[in-house]
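**Student:** Sequence first, then the predicted structure, then my questions.
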Amino acid sequence: MPEGHTLHRLARVHRKHFRGAPVAVSSPQGKFAAGAAEVDGRPLLRAEAHGKHLFHVYDRDLVVHVHLGLFGSFTEGAVPVPPTRGQLRMRMVGEQHWADLRGPTACEVLRDAEVKALRARLGPDPLRRDADPQRAWQRLQRSQAPLAALLMDQRVISGVGNVYRAEILFRHGLDPMLPGRELRREQWDALWADLVALMRDGLRTGRIDTVRPADDPTVTGRAPRRDRHGGEVYVYRRHGQPCLVCGTLLPRVVLAGRNLYWCPTCQPAATGISAAG
DNA sequence: GATCTATGTAGAT
DNA sequence: TCTACCTAGATCG
């Protein structure tokens, strides 16, 4: 379930379970065998996330970089370690805990310079204290690309994925196709503040919940439900169902190879009115 | 058992 | 705009 909050959560768990003590690192599957051998047996110094990227720092020039991609996942537990099963890219075993990594897009050892170069390409991360939202605002201002594309562009903002994109646009009544440069400053400020709040909530709970209490189906009298990904949302993967706020049947389109979910009534397209001033 | 799907990204065209 | 890649669980016959 990899959007930014998932990676920050993993970084936190890995710090708690592995930092400061030697970690046995291996690659039962073999695809990360050489990298694992480089860090095997070293103490983990730091673990941190930037956007959807996770970094395990064993030494300045021995950093395991993990990107989960669309379906990578970690599983964790307390020792003893279970038998290996399936395609296990990396296994970490500490004094008390183990962690298994499957299906990542990236699992590699990077040197400090490579980590810096990678991070330099990432936009501000709403979950990092060092985030500078002004940088994202400047990119939005220079772009005619639709907001829906810009929010998913990790060079603009890092950590936002398809769920947060859809939900944040809904919560702010923004048309996904609105060109970035037509977003007003106060709209951006509200959007960023909301992203910070929602993603912090996701980091705390491990779920993406975006529905305001007043719109909660259990409060409004509609049947309670649980989305397949485990959170309560307005539009993500709710195509074909009625909007929780206005009842419009929700559409879905593919934009830049990804499913886009929104409510055309609650997030109306800009018309000649706004174009005229 | 086959097929579909997914909270992602890089690289080719 | 497209294709490839990474994996497992859900869904379809």
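**Tutor:** Alright, I've got the coordinates. Numbers count the residues shown, from 1 in each chain, chains lettered A, B, ... in the order given.
**Student:** how far away is the closest residue to DNA strand B within chain A from residue A:70?
**Tutor:** The nearest approach of chain A to DNA strand B comes at residue A:161, 2.2 Å away (CB to the nearest atom of the strand). C-beta here means a position set from N, CA and C on the backbone, and glycine is covered the same way. Residue A:161 sits 9 Å away from residue A:70, going by CB to CB, to the nearest Å.
**Student:** Which neighbours do those two have in common?
**Tutor:** With contacts defined as CB atoms under 8 Å, 6 or more residues apart in numbering, the residues shared by residue A:161 and residue A:70 are residue A:2.
**Student:** between those two, who's got more neighbours?
**Tutor:** residue A:161 (21 against 10; other CB atoms under 10 Å).
**Student:** Contacts only, for that one.
**Tutor:** Residue A:161 touches A:2-4, A:52, A:152, counting by CB under 8 Å, 6+ apart.
**Student:** nearest spatial neighbour of the spatially most central residue of chain A, skipping sequence neighbours?
**Tutor:** In chain A, the centroid-proximal residue (CA atoms, centre = their mean) is residue A:3; its distance is 1.6 Å. Of all residues not flanking residue A:3 in the chain, residue A:161 sits nearest, at 3.7 Å (CB to CB, 6 or more residues apart in numbering).
**Student:** Distance-wise, check that neighbour relative to residue A:259.
**Tutor:** 12 Å.
**Student:** Okay, residue A:166 and residue A:122: tell me how far apart.
**Tutor:** For residue A:166 relative to residue A:122 (CB to CB), the value is 21 Å.
**Student:** let me redo that: residue A:233
**Tutor:** From residue A:233 to residue A:122 the distance is 25 Å (CB to CB).
**Student:** Spatially nearest residue to residue A:148, not counting backbone neighbours?
**Tutor:** residue A:176 (3.6 Å).
**Student:** Kindly report the same for residue A:242.
**Tutor:** In space, residue A:242 comes closest to residue A:249 once its chain neighbours are excluded; the distance is 6.0 Å by CB to CB, 6+ apart.
**Student:** dump the residue contacts of the residue in the stretch 101-250 of chain A that DNA strand C sits nearest to.
**Tutor:** Per CB to the nearest atom of the strand, residue A:103 is where the stretch 101-250 of chain A lies closest to DNA strand C, at 2.9 Å. For residue A:103, the contacting residues are A:68-69, A:71-73, A:87, A:89, by CB under 8 Å, 6+ apart.
**Student:** Separate out the buried members of those residues.
**Tutor:** The neighbour-count criterion (16 or more other CB atoms under 10 Å) marks A:68, A:72, A:89 among those as buried.
**Student:** okay, the contacts of residue A:161 in CSV with secondary structure and distance to DNA strand B next?
**Tutor:** Shown next, in CSV, are the contacts of residue A:161 (DSSP: H, G, I helix; E, B strand; the rest coil; distance: CB to the nearest atom of the strand, whole Å):
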residue, secondary structure, distance to DNA strand B
A:2, coil, 5
A:3, coil, 4
A:4, helix, 8
A:52, coil, 4
A:152, helix, 6
